[in-house]
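**Student:** Give me a model of this one.
(2 chains)
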Number of protein chains: 2
Amino acid sequence: MLSKEIIGIIGGTGPEGQGLALRLGLAGFPIIIGSRNPEKGTAAIEKLLSIAPDLSLSCKDNLSTAEQSDIVVISVPFEAHQPTLEAIKSHLVGKIVINVVVPLTFNKGTAYPVVLPEGSAAVQSQNLLPESKVISAFHNVAAPHLLTLSHSVDCDVIICGDDEQAKRKVCSLAEHIQGVKSIDGGPLSNAQFSEQLTALLINLNKIYKSHTMIRFTGLPA
Amino acid sequence: MLSKEIIGIIGGTGPEGQGLALRLGLAGFPIIIGSRNPEKGTAAIEKLLSIAPDLSLSCKDNLSTAEQSDIVVISVPFEAHQPTLEAIKSHLVGKIVINVVVPLTFNKGTAYPVVLPEGSAAVQSQNLLPESKVISAFHNVAAPHLLTLSHSVDCDVIICGDDEQAKRKVCSLAEHIQGVKSIDGGPLSNAQFSEQLTALLINLNKIYKSHTMIRFTGLPA
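**Tutor:** Okay, the predicted model is just below:
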């Protein structure tokens, strides 16, 4: 087997980051979990190894994670999005950066999309990282499903980006997760539609006490 | 069989209105197609009867349609939403009004949700019709699928509303369409999330040259 790219997950100790680390690690990619907090990083690694002992996992600070990874996933809360990218930006030059960040606000328990001047967190990150290839993906894959290996992940993943080669690579990466189908969402400016969809799913989760995801129907076979 | 409610479809000559008229007519509901233009109405009826000759269909102006129907579907372009409702409002008192309207704008071929002060066309219509029971539904059922009887409609329909009894009735109505599953989207204020989803689907349609719809996964069985 050819050696696979190292995937760094910034914000890798959160549920979504852990879920992606687990599933992409199972697909054979070496994973670095990036965290500002070494204790949280160690706890995440212990948890993931208890689920899948053969993973190739390590934990580093965000800067080292960005530096030592081939592909970098940004999975931080929106509040941390801009400062985190500014801090690690020099190590993201030329790399594929997968943005999973969703700007949301809550009012009386209901989730609402935050309308950004740039339209989306993904475009905001491309503006902050002009020398990286930003691809948006994985907004709508529920972490509890990623973290439950007993079932495949019944979800389509919308992937948006302006670099066609990078987009194809992320499509392929996503389909390494058992059950996932990649959907070409168009240019990065379309990421707002996928980010906004997250509010709908969170609100359905509240109604159904579930972890809702989506499949698109009516697409060409 | 008990006699079924008469369903009036305002804007019934558009593709979505015709599709709903066909599928709900097939389920045994008498349908009145409301249109300001009698020639368009007659043409729509001829077309639908050529697909399903046994439908109970008639065509009337919008005011008579609202007056003579038990349940009224509003399926007009957003530009016509407010003036249409104001013109027929007196005949909608006490009735279930199903709002299918989606406020969208297009820029260089990409669809964008229009952010209304009220949050959604559905809430706008409830404000205009304080004595009606407004329920939002059917935003994301593609007309070409409704109009093709050779296949069932592979789509979940998100239904939002504040009157629980009316909402349950519309859920049941939607499931008269073969293939459709109703999803409780919560209060009417949540209709914005379902309306906004339409932009995503329209943009995917352009990429895939398809008529995309959705299913939710991860819901309780």
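**Student:** For chain A, list the residues in contact with chain B, please.
**Tutor:** Residues of chain A that fall close to chain B, judged by C-beta under 8 Å from any C-beta of the partner chain: A:110, A:113, A:115, A:142, A:145, A:154-155, A:158, A:183-186, A:189-190, A:193-194, A:196-197, A:199-201, A:203-204, A:206-220. Glycine gets a C-beta too; all of them are placed from N, C-alpha and C.
**Student:** Of the residues you listed, just the buried ones, PyMOL syntax please.
**Tutor:** A single PyMOL command selects the buried members of the residues of chain A next to chain B (16 or more other C-beta atoms under 10 Å in any protein chain shown):
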select buried, chain A and resi 110+113+142+145+154+155+158+183+184+185+186+189+190+193+194+196+197+199+200+201+203+204+210+211+212+213+214+215+216+217+218+219
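**Student:** Out of the residues of chain A next to chain B, name the ones that lie in strands.
**Tutor:** Among the residues of chain A next to chain B, the ones falling in strands (DSSP state E) are A:110, A:113, A:158, A:183, A:184, A:185, A:186, A:213, A:214, A:215, A:216, A:217.
**Student:** list the contacts for the fourth one?
**Tutor:** Just to be clear, that refers to residue A:183. Applying C-beta atoms under 8 Å, 6 or more residues apart in numbering or on different chains, we find residue A:183 in contact with A:156, A:157, A:158, A:159, A:216, A:219, B:204.
**Student:** Do a quick rundown of the helices in chain A.
**Tutor:** Taking DSSP state H as the criterion, chain A carries its helices at A:15-26, A:38-51, A:62-68, A:78-88, A:121-128, A:143-146, A:164-174, A:191-208.
**Student:** Could you list every helix and strand in contact with the fourth one?
**Tutor:** Using 3 or more C-beta pairs under 8 Å, 6 or more residues apart in numbering or on different chains; DSSP states H and E as the contact criterion, the elements in contact with helix A:78-88 are helix A:62-68, strand A:71-74, helix A:121-128.
**Student:** The shortest one now?
**Tutor:** Contact analysis of helix A:143-146 by 3+ C-beta pairs under 8 Å, 6+ apart lists helix A:15-26 as its packing neighbours.
**Student:** Determine how far the helix it packs on lies from the middle of the whole chain.
**Tutor:** The chain centre lies 9 Å from the centre of helix A:15-26; the measure is C-alpha atoms, centre = their mean, to the nearest Å.
**Student:** by how many degrees do that helix and helix A:38-51 diverge?
**Tutor:** Relative orientation of helix A:15-26 versus helix A:38-51 (axes from the mean of the first three to the mean of the last three C-alpha atoms, to 10 degrees): 50 degrees.
**Student:** Specify the angle between helix A:15-26 and helix A:164-174 in degrees.
**Tutor:** Helix A:15-26 and helix A:164-174 are oriented at 90 degrees to each other (the same axes, to 10 degrees).
**Student:** name the helices or strands packed onto helix A:15-26?
**Tutor:** strand A:7-10, strand A:31-34, helix A:38-51, helix A:143-146.
**Student:** Highest mean neighbour count out of these?
**Tutor:** strand A:7-10 (a mean of 30; mean count of other C-beta atoms under 10 Å in any protein chain shown).
**Student:** if we can go back for a sec, and which of the contacts of residue A:183 is nearest residue B:5?
**Tutor:** Taking C-beta to C-beta as the measure, residue B:5 lies nearest residue A:216 of the contacts of residue A:183, at 32.4 Å.
**Student:** Out of the helices of chain A, flag the one nearest residue B:47.
**Tutor:** Residue B:47 lies closest to helix A:191-208 among the helices of chain A, at 32.4 Å (C-beta to C-beta).
**Student:** tell me how far the ends of stretch A:170-183 are from each other?
**Tutor:** 11 Å (C-alpha to C-alpha, to the nearest Å).
**Student:** Give me whichever of the helices and strands packed on helix A:78-88 is most buried.
**Tutor:** Counting by mean count of other C-beta under 10 Å, strand A:71-74 has the highest mean neighbour count of the helices and strands packed on helix A:78-88, with a mean of 27.
**Student:** Please compute how far that strand lies from its chain's middle.
**Tutor:** Centroid displacement of strand A:71-74 relative to its chain, using C-alpha atoms, centre = their mean, is 7 Å.
**Student:** quick one: contacts of that strand?
**Tutor:** The contact list for strand A:71-74 (C-beta under 8 Å, 6+ apart) reads A:5-12, A:17, A:20, A:65-66, A:81, A:84-85, A:88, A:92, A:95-101, A:125, A:138, A:169, A:173.
**Student:** what would the contacts of residue A:183 look like in a markdown table with distance to residue A:150 and pLDDT?
**Tutor:** Listed next are the contacts of residue A:183 as a markdown table, based on distance: C-beta to C-beta, whole Å; pLDDT from 0 to 100:
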| residue | distance to residue A:150 | pLDDT |
| --- | --- | --- |
| A:156 | 21 | 98 |
| A:157 | 20 | 98 |
| A:158 | 25 | 98 |
| A:159 | 26 | 98 |
| A:216 | 25 | 98 |
| A:219 | 28 | 92 |
| B:204 | 31 | 98 |
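**Student:** between those residues, which is nearest residue B:163?
**Tutor:** Of all these, residue B:163 sits closest to residue A:216, with 30.9 Å by C-beta to C-beta.
**Student:** Centroid-nearest residue for chain A?
**Tutor:** residue A:100 (3.8 Å; C-alpha atoms, centre = their mean).
**Student:** Test my guess that that one contacts residue A:137.
**Tutor:** Yes: shown here, residue A:100 and residue A:137 form a contact pair, counting by C-beta atoms under 8 Å, at 6.8 Å.
**Student:** where in chain A is pLDDT low?
**Tutor:** For chain A, the stretches with pLDDT under 70 are A:1-3.
**Student:** can you do 90?
**Tutor:** Applying pLDDT under 90 to chain A flags the ranges A:1-3, A:115, A:151, A:220-221.
**Student:** Any figure for the gap between residue A:93 and residue A:120?
**Tutor:** Residue A:93 is 22 Å from residue A:120, where distance means C-beta to C-beta, to the nearest Å.
**Student:** out of the two, which sits in the more crowded spot?
**Tutor:** Taking neighbours as other C-beta atoms under 10 Å in any protein chain shown, residue A:93 and residue A:120 compare with residue A:120 leading, 28 against 11.
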